[in-house]
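> need a 3D model of the following:
(one chain, ligands or ions: 1)
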Amino acid sequence: MLAIIGGSGLAEFAGLEVSHRRLAPTPYGDASAALTFGHIAGRPVVFLARHGDEHHLVPHEINYRANVWALRDCEPFGIVAVAAVGSIRGDLRPGDLLIPHQIIDYTWGRAATYHEGPGSAVHHVDFTEPYDQHLRRRLCAAAAAAAVAVSDGGVYAATQGPRLETAAEIDRLERDGADVVGMTGMPEAALARELGVPYAAINVVANCAAGRGDPGQRISLEAIHQVLEQAMQPVRRLIEAMLAADDHD
Ligand code: HPA
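Numbering: from 1, shown residues only. So this is what the prediction gives:
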């Protein structure tokens, strides 16, 4: 089956034929919400709302370890994570989709590994390519087949939040090579790698990052919500197309 993590704007997946829901306790605590099992395009899927059903968990409060552990226990062939981002690169506009290929992690103080605590051996997982290449390619191929416009590749900067960035911070992220900025991509991706679950992301551009929109304009949460609501339709079409094309579940 495919595991899907839904971010802001995707607390539930329209088009998912739900069969049942199950709470997901793990050795690391509870996942953000009950796991939702069902089918999309006739293929089995497990869905998890990253911020909880009521969108009540801020990015640094999310129990990423429990979320990824709970999904891994379902033995998915991969995790597709949907996450809203601000665009740093000028050609990425609100509503655009991007399949990132790299990450820079600026988060701090989050429980970011399974390899710690009593009895745990020192372990350094390879993270050179943070996203699974094969899953990324399948998403990009499905996007082409379903005529869903996506940018293939980009550098995702993970910031701590929950506040948005300053304009100078966004300038710094751009100098560092980042194309988009979000708050939830890490440690999620690294934890999936530690557990050996292929992981890829669909980034949904919700807004121009701080200092990048119209001069003097603040980032409006209302506008973000509107953009995300609209943009989830192509996200769903993309995931449906990937599953429909897929003979691997
Ligand atoms: N910054 C960080 N995270 C985000 C943004 C942003 O501008 N938009 C959506 N998630």
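> mind listing what's buried in stretch 51-70?
51-52, 57, 59, 62-70 (16 or more other CB atoms under 10 Å). Heads up, the C-betas are built off the backbone N, CA and C, glycines and all.
> if we check the ligand, which of those residues are in contact?
Contacts with the ligand within the buried residues of stretch 51-70, counted by CB under 6 Å from any ligand atom: none were found.
> as JSON lines, these with pLDDT and secondary structure would be great.
Formatted as JSON lines, these follow (pLDDT from 0 to 100; DSSP: H, G, I helix; E, B strand; the rest coil):
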{"residue": "His51", "pLDDT": "93", "secondary structure": "coil"}
{"residue": "Gly52", "pLDDT": "92", "secondary structure": "coil"}
{"residue": "Leu57", "pLDDT": "92", "secondary structure": "coil"}
{"residue": "Pro59", "pLDDT": "95", "secondary structure": "helix"}
{"residue": "Ile62", "pLDDT": "96", "secondary structure": "coil"}
{"residue": "Asn63", "pLDDT": "97", "secondary structure": "coil"}
{"residue": "Tyr64", "pLDDT": "98", "secondary structure": "helix"}
{"residue": "Arg65", "pLDDT": "98", "secondary structure": "helix"}
{"residue": "Ala66", "pLDDT": "98", "secondary structure": "helix"}
{"residue": "Asn67", "pLDDT": "98", "secondary structure": "helix"}
{"residue": "Val68", "pLDDT": "98", "secondary structure": "helix"}
{"residue": "Trp69", "pLDDT": "98", "secondary structure": "helix"}
{"residue": "Ala70", "pLDDT": "98", "secondary structure": "helix"}
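> quickly name whichever of the residues you listed is closest to Tyr199.
Nearest to Tyr199, judged by CB to CB, of the buried residues of stretch 51-70 is Val68 at 8.4 Å.
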